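Q: curious how this folds, go ahead:
(2 chains)
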Amino acid sequence: MSIEIRNIVKTFGEFKALNDLSLNVESGELVALLGPSGCGKTSLLRVIAGLETPDSGQILFHGEDTTDRHVRERQVGFVFQHYALFRHMTVFENVAFGLRVRPKSTRPSDAEIKRKVHDLLQLVQLDWLADRYPAQLSGGQRQRIALARALAVEPKVLLLDEPFGALDTKVRKELRRWLRRLHDEIHVTSVFVTHDQEEALEVADRVVVMNKGQIEQIGSPSEVYDTPASPFVYQFLGDVNLFQSRVHEGWAQVGSAKFAATETSEHATVYVRPHEIDLSRIATPGAISGTITHIRLLGATVRLEVEVPDHDVVEVELTRERQQEGAWQVAETVYLIPREAKVYATV
Amino acid sequence: MSTAINNLNNKVVTTESAWVRYLLTGLALLLIAILLIVPLLSVFYEALHQGWGLYKDALIESDALSAIQLTLIVAAISLPLNLVFGVAAAWAIAKFDFKGKSILVTLIDLPFAVSPVVAGLIYVLLFGAHGWWGAWLMDNDIKIIFAVPGIVLATVFVTFPFVARELIPLMEAQGSDEEQAALVLGASGWQTFWHVTLPNIKWGLLYGVILANARAMGEFGAVSVISGHIRGMTNTIPLHVEILYNEYNFVAAFACASILALLALLTLALKSYVEWRTEQQAIEDRKHAIEAV
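A: Numbers count the residues shown, from 1 in each chain, chains lettered A, B, ... in the order given. The predicted structure follows:
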């Protein structure tokens, strides 16, 4: 089922959480709402679910206005960051809850409920935990049970609020791959909130980058990463080096390097990602000279800090092979050659 | 394991010298003995030292029986009222944000701050023959003062904070995520309360009710003002004890007092059991959480 969000405004006292925001989610899509904390992504998710009422604007499910429909009639599945499992119920009862609270006329029989719950527990690969209590499960297991519970009511839309936020890195990576596979299997329209750009890029069909209650960019993971629409998106999706520069005859100059500035403005900022910089010992035209001050090993990659006169420290990321080939040393003078760069006018 | 080692270290590093420890512990025990244990024993001694027969007679005497009966009736009416008010107030305070919330929290504590005698006087002022609504009540032949309704009102007033006080911190700590999850899953407000909220607060609720019950049965000041001390009619056990004592009928006074003392002991036992249950639950939760990780 598709979701259409039209001109939603939501304020909390003085704070504008959502500022005239519109968004379409296609049927069967997995969309990530990505942004820093306080950008309004969780508020948006809760407005879609019906857990918050917007000040103005509309929410349409499959073309039908659901803005005023009560949360229990919206047929959404909601997964909370801290699981929100019913602590006094077993895993089985947790998953069965949504079926058991139905009015008698639509409630499935006990045998039916039992079959369905076990099917769902098999789907999340935790069938063997049916008789345990939530307190007896690990974080990753709890979140998978929470997902099974949300799916039990056959929601038209699945909403996940920072679903992996409370888990440690390793479990988080496993779970997000698992979620992606699960979505490929069941194809329910899903929206999930995250502040982790890696998570959004890896899992989602489309990424919605949000900032200050508004949408900065919507696009596929490669679109938002490769062609960021704004400096904010560029900075939010991964590490970045900034060079403040003056624009002269359409060119932003950093040392002897020149970058084409599309917009006419006196000042511009050049954005370069650390892994998109090559190093050289020979001065070439268009290179920026500097001195290596630190070399740090980060697992598979090596990060060099290079001091460039008149600018901030520049970070360069190399694979370990390239660091070994180059045998770069602290205190030596190097020339930086950006392979990719993006120039935004400084206002 | 690691906690055991920590405890050992703590003992060596942070403990006081032996004589300080013995002195403080001894003082505390002595105070408890003088202030609590000796009086409690003396109640039973005074009640029983002239034999079982007199003790039993004092309790089955008709005025005593009616006092016991009235006390039970008052507790039986005021506790359910308190249960409903307390849960409703705690629910409102813990799960919702609204204007005047802090005022409500303060008001809930009011019965603790006000002297019970004042509480009783308030009701006399409102419902008494010369009170605000006294004339109207007389015209309609409704008796509140010097009757059971007044005693119930006064008892509800003084016991009001117990349940709410117990539940507010508990409900605040638990948050409302589980309730929201239940709503999203299609549960009605009543189903959510019954299947999600209530099971999570049941031990805290029971604890509050036990304390409120002890207070309801033992309340003297407020009830004393409002009841009129009519023998066999509006006397609760504490009031009956006072009357007997003033009449120098010590055996009967202490016999009735011993019922209240027994009630106190029972309350303590129940309270300890509930505390122990809550703690066990917490330990179990932690243990499983550690195993699971």
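Q: for the chain, give me the ranges with low pLDDT.
A: All of this is about chain A. Along chain A, the model assigns pLDDT under 70 to residues A:263-264, A:347.
Q: to clarify, I was referring to chain B.
A: Within chain B, the ranges that satisfy pLDDT under 70 run B:1-13, B:281-282, B:284-293.
Q: which helix runs longest in it?
A: Assignment by DSSP state H gives helix B:250-292 as the longest helix of chain B.
Q: now do A:S56 against A:V31, distance only.
A: Computed as Cβ to Cβ, to the nearest Å, the A:S56 to A:V31 distance reads 23 Å. Every residue, glycine included, has its C-beta placed from N, CA and C.
Q: between those two, who's got more neighbours?
A: The residue with more neighbours, out of A:S56 and A:V31, is A:V31; 22 against 12, by other Cβ atoms under 10 Å in any protein chain shown.
Q: mind giving me the packing neighbours of the longest helix of chain B?
A: Helices and strands touching helix B:250-292, by 3 or more Cβ pairs under 8 Å, 6 or more residues apart in numbering or on different chains; DSSP states H and E, are helix B:38-48, helix B:52-60, helix B:62-95, helix B:198-218, helix B:237-246.
Q: so B:Q191 is in which element?
A: Assigned by DSSP states H and E, B:Q191 belongs to helix B:189-192.
Q: would that helix count as contacting chain A?
A: Yes - counting by Cβ under 8 Å from any Cβ of the partner chain, chain A has neighbours in helix B:189-192: B:Q191.
Q: quick check: buried residues in that helix?
A: The neighbour-count criterion (16 or more other Cβ atoms under 10 Å in any protein chain shown) identifies B:Q191, B:T192 as the buried residues of helix B:189-192.
Q: contacts for it?
A: The contact list for helix B:189-192 (Cβ atoms under 8 Å, 6 or more residues apart in numbering or on different chains) reads A:V101, B:E179, B:A182, B:L183.
Q: just the residues you listed: which are in helices?
A: With DSSP H as the criterion, helices contain B:E179, B:A182, B:L183 from among these.
Q: which one of those residues is nearest A:N24?
A: Sorting the ones in helices among the contacts of helix B:189-192 by distance to A:N24 puts B:L183 at the head of the list, at 26.3 Å, by Cβ to Cβ.
Q: dump the residue contacts of the closest one.
A: Contacts of B:L183 by Cβ under 8 Å, 6+ apart are A:L51, A:V71, A:R72, B:G189, B:T192.
Q: what about 7 Å?
A: Shown in contact with B:L183 (Cβ atoms under 7 Å, 6 or more residues apart in numbering or on different chains): A:V71, A:R72, B:T192.
Q: state the distance from B:T278 to chain A.
A: Using Cβ to the nearest Cβ, to the nearest Å, one gets 13 Å for the distance from B:T278 to chain A.
Q: tell me the SS of A:S222?
A: Under DSSP: H, G, I helix; E, B strand; the rest coil, A:S222 falls in the helix class.
Q: run a quick neighbour tally on it.
A: Residues lying near A:S222 (other Cβ under 10 Å) number 10.
Q: if I look at it, how far off is B:F98?
A: From A:S222 to B:F98 the distance is 47 Å (Cβ to Cβ).
Q: and the residue most central in space within chain A, which of the three is it?
A: Nearest to the mean C-alpha position of chain A, counting by Cα atoms, centre = their mean, stands A:A200 at 3.3 Å. Here A:A200 is helix, with the state taken from three-state DSSP.
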